[in-house]
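Engineer: pasting the structure only:
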Ligand code: FES
(Lines give C-alpha, C1' and ligand atoms only; values in the text may rest on other atoms or scores of the structure.)
Protein backbone atom coordinates (compact mmCIF):
# COMPACT_ATOMS: atom_id res chain seq x y z
CA UNK A 1 0.00 0.00 0.00
CA UNK A 2 1.37 3.41 -0.92
CA UNK A 3 0.85 6.63 0.97
CA UNK A 4 1.19 10.12 -0.45
CA UNK A 5 3.83 12.45 0.92
CA UNK A 6 1.09 14.82 2.09
CA UNK A 7 -0.77 12.07 3.94
CA UNK A 8 2.47 10.86 5.52
CA UNK A 9 3.43 14.34 6.69
CA UNK A 10 -0.09 15.03 7.91
CA UNK A 11 -0.32 11.80 9.84
CA UNK A 12 3.12 12.15 11.39
CA UNK A 13 2.50 15.82 12.28
CA UNK A 14 -0.94 15.04 13.67
CA UNK A 15 0.50 12.13 15.59
CA UNK A 16 3.14 14.35 17.16
CA UNK A 17 0.51 16.97 18.04
CA UNK A 18 -1.76 14.38 19.59
CA UNK A 19 1.13 12.91 21.56
CA UNK A 20 2.15 16.37 22.80
CA UNK A 21 -1.34 17.21 23.97
CA UNK A 22 -2.14 13.77 25.27
CA UNK A 23 -5.07 13.30 22.95
CA UNK A 24 -6.13 10.30 20.97
CA UNK A 25 -8.18 9.78 17.86
CA UNK A 26 -8.75 12.14 14.96
CA UNK A 27 -8.94 15.86 15.72
CA UNK A 28 -11.76 16.43 13.28
CA UNK A 29 -13.93 13.70 14.72
CA UNK A 30 -13.33 14.84 18.31
CA UNK A 31 -16.13 17.36 17.80
CA UNK A 32 -18.35 14.71 16.25
CA UNK A 33 -18.55 16.78 13.05
CA UNK A 34 -17.94 15.37 9.61
CA UNK A 35 -17.25 17.06 6.33
CA UNK A 36 -20.40 17.83 4.37
CA UNK A 37 -20.94 16.45 0.88
CA UNK A 38 -21.56 19.46 -1.34
CA UNK A 39 -22.26 19.50 -5.08
CA UNK A 40 -19.92 22.13 -6.49
CA UNK A 41 -20.33 21.67 -10.22
CA UNK A 42 -20.81 19.40 -13.18
CA UNK A 43 -18.02 18.26 -15.43
CA UNK A 44 -20.00 19.30 -18.50
CA UNK A 45 -19.99 22.90 -17.25
CA UNK A 46 -16.21 23.10 -16.80
CA UNK A 47 -13.74 24.38 -19.36
CA UNK A 48 -10.04 23.60 -19.05
CA UNK A 49 -8.15 26.42 -17.38
CA UNK A 50 -11.27 28.34 -16.33
CA UNK A 51 -11.60 28.27 -12.52
CA UNK A 52 -14.92 28.24 -10.67
CA UNK A 53 -15.26 29.66 -7.15
CA UNK A 54 -17.18 28.01 -4.34
CA UNK A 55 -17.12 27.88 -0.54
CA UNK A 56 -16.27 24.77 1.44
CA UNK A 57 -16.63 23.32 4.06
CA UNK A 58 -18.56 26.44 5.12
CA UNK A 59 -19.43 29.88 3.78
CA UNK A 60 -16.27 31.51 5.17
CA UNK A 61 -13.84 29.29 3.27
CA UNK A 62 -13.34 30.30 -0.39
CA UNK A 63 -12.17 27.54 -2.73
CA UNK A 64 -11.46 27.08 -6.41
CA UNK A 65 -12.49 24.24 -8.73
CA UNK A 66 -10.58 23.88 -11.96
CA UNK A 67 -10.14 21.46 -14.86
CA UNK A 68 -6.46 21.12 -15.70
CA UNK A 69 -4.84 20.19 -18.99
CA UNK A 70 -3.15 17.22 -17.35
CA UNK A 71 -3.86 14.36 -14.99
CA UNK A 72 -3.58 15.46 -11.38
CA UNK A 73 -3.00 13.84 -8.01
CA UNK A 74 -6.42 13.71 -6.40
CA UNK A 75 -8.01 14.63 -9.72
CA UNK A 76 -11.48 13.36 -10.62
CA UNK A 77 -13.38 12.92 -13.87
CA UNK A 78 -12.66 10.53 -16.70
CA UNK A 79 -9.26 12.16 -17.28
CA UNK A 80 -8.62 12.68 -13.55
CA UNK A 81 -7.84 16.32 -14.26
CA UNK A 82 -10.43 18.14 -12.13
CA UNK A 83 -9.11 19.43 -8.80
CA UNK A 84 -10.11 21.91 -6.12
CA UNK A 85 -8.12 23.87 -3.55
CA UNK A 86 -8.57 26.46 -0.87
CA UNK A 87 -8.29 29.96 -2.31
CA UNK A 88 -6.36 31.20 0.74
CA UNK A 89 -2.58 31.09 0.80
CA UNK A 90 -1.18 29.07 3.72
CA UNK A 91 1.49 31.74 4.34
CA UNK A 92 -0.62 34.71 5.50
CA UNK A 93 -4.05 34.07 4.03
CA UNK A 94 -3.95 36.22 0.92
CA UNK A 95 -6.07 35.06 -2.01
CA UNK A 96 -4.42 32.79 -4.55
CA UNK A 97 -5.36 32.86 -8.21
CA UNK A 98 -5.25 30.02 -10.70
CA UNK A 99 -3.08 30.52 -13.75
CA UNK A 100 -1.64 27.97 -16.17
CA UNK A 101 -1.61 24.92 -13.93
CA UNK A 102 -0.64 26.67 -10.73
CA UNK A 103 -2.06 28.82 -7.97
CA UNK A 104 -0.20 32.07 -7.42
CA UNK A 105 -0.34 34.29 -4.34
CA UNK A 106 -0.13 37.99 -5.15
CA UNK A 107 1.18 39.03 -1.73
CA UNK A 108 4.57 37.31 -1.60
CA UNK A 109 4.39 35.23 -4.79
CA UNK A 110 4.21 31.74 -3.41
CA UNK A 111 3.26 29.25 -6.11
CA UNK A 112 1.48 25.93 -5.74
CA UNK A 113 1.33 23.08 -8.26
CA UNK A 114 -2.31 22.22 -8.98
CA UNK A 115 -1.41 18.80 -10.42
CA UNK A 116 0.74 17.77 -7.45
CA UNK A 117 -1.47 18.13 -4.37
CA UNK A 118 -0.92 21.89 -4.17
CA UNK A 119 2.78 21.45 -3.51
CA UNK A 120 4.61 24.71 -2.79
CA UNK A 121 7.43 25.17 -5.27
CA UNK A 122 8.25 28.83 -4.87
CA UNK A 123 7.85 31.60 -2.30
CA UNK A 124 7.44 31.99 1.43
CA UNK A 125 4.66 29.49 2.11
CA UNK A 126 6.00 26.54 4.09
CA UNK A 127 2.82 24.48 3.73
CA UNK A 128 1.08 23.16 0.66
CA UNK A 129 -2.19 24.64 -0.48
CA UNK A 130 -5.08 22.78 1.20
CA UNK A 131 -6.73 20.47 -1.34
CA UNK A 132 -10.44 19.74 -1.40
CA UNK A 133 -11.27 16.04 -1.68
CA UNK A 134 -13.61 15.48 -4.60
CA UNK A 135 -16.03 12.75 -5.67
CA UNK A 136 -17.19 12.36 -9.24
CA UNK A 137 -20.52 10.82 -10.17
CA UNK A 138 -19.95 9.44 -13.65
CA UNK A 139 -23.65 9.00 -14.46
CA UNK A 140 -24.65 12.60 -13.80
CA UNK A 141 -21.27 14.31 -14.20
CA UNK A 142 -21.73 15.99 -10.85
CA UNK A 143 -18.68 16.82 -8.73
CA UNK A 144 -18.93 16.86 -4.95
CA UNK A 145 -16.62 18.30 -2.28
CA UNK A 146 -16.29 15.83 0.58
CA UNK A 147 -13.25 16.76 2.62
CA UNK A 148 -10.07 18.81 2.87
CA UNK A 149 -6.46 17.63 2.92
CA UNK A 150 -4.30 20.10 4.82
CA UNK A 151 -5.28 22.84 7.23
CA UNK A 152 -7.24 25.83 5.93
CA UNK A 153 -5.51 29.14 6.63
CA UNK A 154 -6.35 30.76 9.97
CA UNK A 155 -7.99 27.70 11.51
CA UNK A 156 -7.09 25.23 14.17
CA UNK A 157 -9.65 22.86 12.68
CA UNK A 158 -11.11 22.81 9.19
CA UNK A 159 -14.55 22.19 10.65
CA UNK A 160 -15.46 25.10 12.90
CA UNK A 161 -16.30 23.87 16.34
CA UNK A 162 -19.12 25.79 17.98
S1 LIG B 1 0.43 35.43 1.86
FE2 LIG B 1 0.85 34.17 0.13
S3 LIG B 1 2.99 34.15 -0.03
FE4 LIG B 1 2.58 35.40 1.68
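Structural biologist: It's in. Please read these numbers as outputs of a predicted model, since none were measured by experiment.

Engineer: C-alpha from now on. contacts and neighbour counts both.
Structural biologist: Will do.

Engineer: report the distance from the longest strand along the chain to the chain centre.
Structural biologist: Across the chain, the strand with the greatest residue count (assigned by DSSP state E) is strand 142-149. Its chain's C-alpha centre and that of strand 142-149 lie 9 Å apart, by C-alpha atoms, centre = their mean, to the nearest Å.

Engineer: who are the packing partners of that strand?
Structural biologist: strand 38-42, strand 131-136 (3 or more C-alpha pairs under 8 Å, 6 or more residues apart in numbering; DSSP states H and E).

Engineer: try it again at 10 Å.
Structural biologist: helix 5-21, strand 38-42, strand 82-86, strand 131-136 (3 or more C-alpha pairs under 10 Å, 6 or more residues apart in numbering; DSSP states H and E).

Engineer: interface residues of the protein facing the ligand?
Structural biologist: Residues of the chain lying close to the ligand (C-alpha under 6 Å from any ligand atom) are 89, 91-94, 105, 107-110, 123-125.

Engineer: highest neighbour count among those residues?
Structural biologist: The most crowded member of the residues of the chain next to the ligand is residue 89, carrying 29 neighbours; neighbours defined as other C-alpha atoms under 10 Å.

Engineer: could the residues of the chain next to the ligand go into CSV alongside pLDDT and secondary structure?
Structural biologist: CSV is the format used below for the residues of the chain next to the ligand (pLDDT from 0 to 100; DSSP: H, G, I helix; E, B strand; the rest coil):
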residue, pLDDT, secondary structure
89, 98, coil
91, 98, coil
92, 98, coil
93, 98, coil
94, 98, coil
105, 98, strand
107, 97, coil
108, 97, coil
109, 96, coil
110, 98, coil
123, 95, coil
124, 96, coil
125, 97, coil
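
Engineer: just to revisit the earlier point, least reliable of the helices and strands packed on strand 142-149 by average pLDDT, please.
Structural biologist: Lowest mean pLDDT of the helices and strands packed on strand 142-149: helix 5-21, a mean of 46.

Engineer: pretty sure residue 151 sits against residue 93.
Structural biologist: No: counting by C-alpha atoms under 10 Å, residue 151 does not reach residue 93; the two are 11.7 Å apart.

Engineer: what's residue 129 in contact with, if anything?
Structural biologist: 85-91, 96, 103, 110-114, 117-120, 149-153 (C-alpha atoms under 10 Å, 6 or more residues apart in numbering).

Engineer: that'll do, ta.
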